[in-house]
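**Q** Here you go, sequence then predicted model.
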Amino acid sequence: MSFLASNLRLLRKQKGITQSEMAEQLAVQRTMISAYEDGRSEPKLLTLQKLAEILDVGLDELIFHDIEKKGRKASQKRKLNILTIAADEEKENILLVGQKASAGYLNGYADPEYMEGLQQFQIPTLSKNASYRAFELAGDSMLPLVPGTIVIGSYVDQLHQIKSGKTYILVTQTEGVVYKRVFNYLEDNGKLFLVSDNEHYKPYEVRGDDVLEVWEAKAFISTDFPNPGDKKKPLSLEDLGEMIQDIQADLKRIKG
């Protein structure tokens, strides 16, 4: 079954391209673009290839994959945004995104002037082969890390590098800045499954193409010292195994 017409219309709008602009790039009449999107006409192979290039999509996905319902099939392969960094004497600084700054980060993450306004610091023990950013936690969804804890993450430049069961800071268009345990189902349905370590918070999904930045958690800074009598403990391998089984069962129910 071909999803060409609906995919063309959806991807064109997501890219912010008008029918007239697309027609100009293809050197055809605007009415021809309308015909493609209505299913009244199908483009020739050379035109298809150019459409795929303009829309940044593979031919197979463009023609045979229902992007509107299933999300981008190839989203796990795409590279994320070019990272804006801050340097001091040729050493890269760690930028701190506090709770108050996290809302503005969605609009300023690619703006060098915004980045210069954030607090900066360095931790010499971290590997020099990665870029780091620090985010202050706002809630208690990832206990035993309490609100106010600063989580330091290393930059992940491709979504397929996300390892299921690890914790990440995700910067997303729909959920903002979140710190969660992530399970990677991009290859299956183009989505990531986000799980809180605090069982009182329900897991949820985000689409791969909603993700702007990914940071793998590497360290944290907290003024809350652990109490030996505290019953809270990190997830064990057995806990993770049970969590994965529950997630798989949930996904089966969703697909059903």
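**A** Looks like it came in fine.

**Q** Show me the helices in the stretch 151-256 of the chain, by range?
**A** 186-189, 237-255 (DSSP state H, counting those that start in this stretch).

**Q** And for the stretch 1-150 of the chain?
**A** For the stretch 1-150 of the chain, the helices defined by DSSP H, counting those that start in this stretch occupy 4-15, 19-26, 30-38, 45-55, 59-64, 67-70, 102-108, 112-116.

**Q** rank the helices of the stretch 151-256 of the chain by mean pLDDT and give me the bottom one.
**A** Among these, helix 237-255 carries the lowest mean pLDDT, at a mean of 69.

**Q** Switch the helices of the stretch 1-150 of the chain over to TSV; also include mean neighbour count, mean pLDDT and distance to Ser131.
**A** C-beta coordinates here come from the backbone N, C-alpha and C atoms, glycine included. Listed next are the helices of the stretch 1-150 of the chain as TSV, based on neighbours: other Cβ atoms under 10 Å; pLDDT from 0 to 100; distance: least, Cβ to Cβ, whole Å:
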stretch	mean neighbour count	mean pLDDT	distance to Ser131
helix 4-15	17	91	28
helix 19-26	16	94	35
helix 30-38	17	94	40
helix 45-55	15	89	29
helix 59-64	16	84	30
helix 67-70	14	80	31
helix 102-108	15	80	16
helix 112-116	13	79	12
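
**Q** between those helices, which gets nearest to Lys166?
**A** helix 102-108 (21.1 Å; Cβ to Cβ).

**Q** which residue sits closest to Val156 in space, ignoring its chain neighbours?
**A** Nearest residue to Val156, sequence neighbours excluded (Cβ to Cβ, 6 or more residues apart in numbering): Val214, at 4.1 Å.

**Q** quick one: the one you found from Leu194, how far?
**A** To Leu194, Val214 is 12 Å away according to Cβ to Cβ, to the nearest Å.

**Q** Spell out which residues are contacts of both of those two.
**A** Common neighbours of Val214 and Leu194 are listed as Leu170 (criterion: Cβ atoms under 8 Å, 6 or more residues apart in numbering).

**Q** For Phe135, which residues are in contact?
**A** 96-97, 102, 150-151, 153, 169, 177, 179, 215.
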